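**Q** sequence unavailable; structure follows:
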């Protein structure tokens, strides 16, 4: 039986660039751009343990993703942010197409994916994103890109923004890193 999909998330999460998240405790002011690469690794490492849980496919509520679905989303966040940062470093003010995370979850059938495969793919995507940020220095941090809704990011702010997403989803599944 197919479960109902959670409602579309149409919130503007850019507030996480200037405020501490009241749920997961992420503090954007505590993150230096040079820390992004290491934090991507730190915030994605716990997924290997989450993905072997017995309840990995269970939704805590009918409209809340399962740990597997969150892991698929985090994998895709890592891939999208690696591509966007790479574009920002290679092009002047690239415009990013809209990425509908909710549609991706349905189309890619997150709930039906193999947790072991997702663990490998997530680690690879996180490694790619981390590598982009590890190679940045000096003026790289201020290069810009524009999201489909008009939000402008620098390489630095894109990293800080993306980190909240992946940390918050650890909080969603009860696996905040130490």
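**A** Okay, I see it. Just so you know, these numbers come straight off a predicted model, no measurement behind them.
**Q** got the contact list for the residue nearest the centre of the chain?
**A** A centroid search over the chain (CA atoms, centre = their mean) returns residue 77, at 3.7 Å, as the residue closest to the centre. By CB atoms under 8 Å, 6 or more residues apart in numbering, the residues touching residue 77 are 101, 162, 165, 166. Using the backbone N, CA and C atoms, a C-beta is placed for each residue, glycine as well.
**Q** please redo it, this time with the cut-off set to 6 Å
**A** 165, 166 (CB atoms under 6 Å, 6 or more residues apart in numbering).
**Q** so which strand or helix has it?
**A** According to DSSP states H and E, residue 77 maps onto helix 67-90.
**Q** same question for that helix, mean pLDDT?
**A** Mean per-residue pLDDT for helix 67-90: 98.
**Q** helices and strands around the helix or strand following that helix, which ones?
**A** Using DSSP H and E, the helix or strand that follows helix 67-90 towards the C-terminus is helix 101-107. Using 3 or more CB pairs under 6 Å, 6 or more residues apart in numbering; DSSP states H and E, no helix or strand is in contact with helix 101-107.
**Q** could you give me the average pLDDT of helix 101-107?
**A** Across helix 101-107, pLDDT averages out at 92.
**Q** follow-up on the earlier one: buried sites along the helix holding residue 77?
**A** Within helix 67-90, the residues that count as buried by 16 or more other CB atoms under 10 Å are 67-86, 88.
**Q** equivalent analysis for stretch 22-32, please.
**A** Buried residues in stretch 22-32 (16+ other CB under 10 Å): 24, 26, 28, 31.
**Q** same question, stretch 33-42
**A** 33, 36, 37, 39, 40, 41, 42.
**Q** sketch out the strands for this protein, chain order is fine.
**A** In the chain, the strands defined using DSSP state E lie at 144-146, 152-154.
**Q** show me what the first one is packed against.
**A** Taking 3+ CB pairs under 6 Å, 6+ apart as contact, the helices and strands that strand 144-146 lies on are strand 152-154.
**Q** report the helix or strand with the lowest average pLDDT across the chain.
**A** Here the helix or strand of the chain ranked lowest by mean pLDDT, DSSP states H and E is helix 101-107, holding a mean of 92.
**Q** chain center to that one: distance?
**A** How far helix 101-107 lies from its chain's middle: 14 Å, per CA atoms, centre = their mean, to the nearest Å.
**Q** what do you get for stretch 123-134?
**A** The answer for stretch 123-134 is 12 Å, by CA atoms, centre = their mean.
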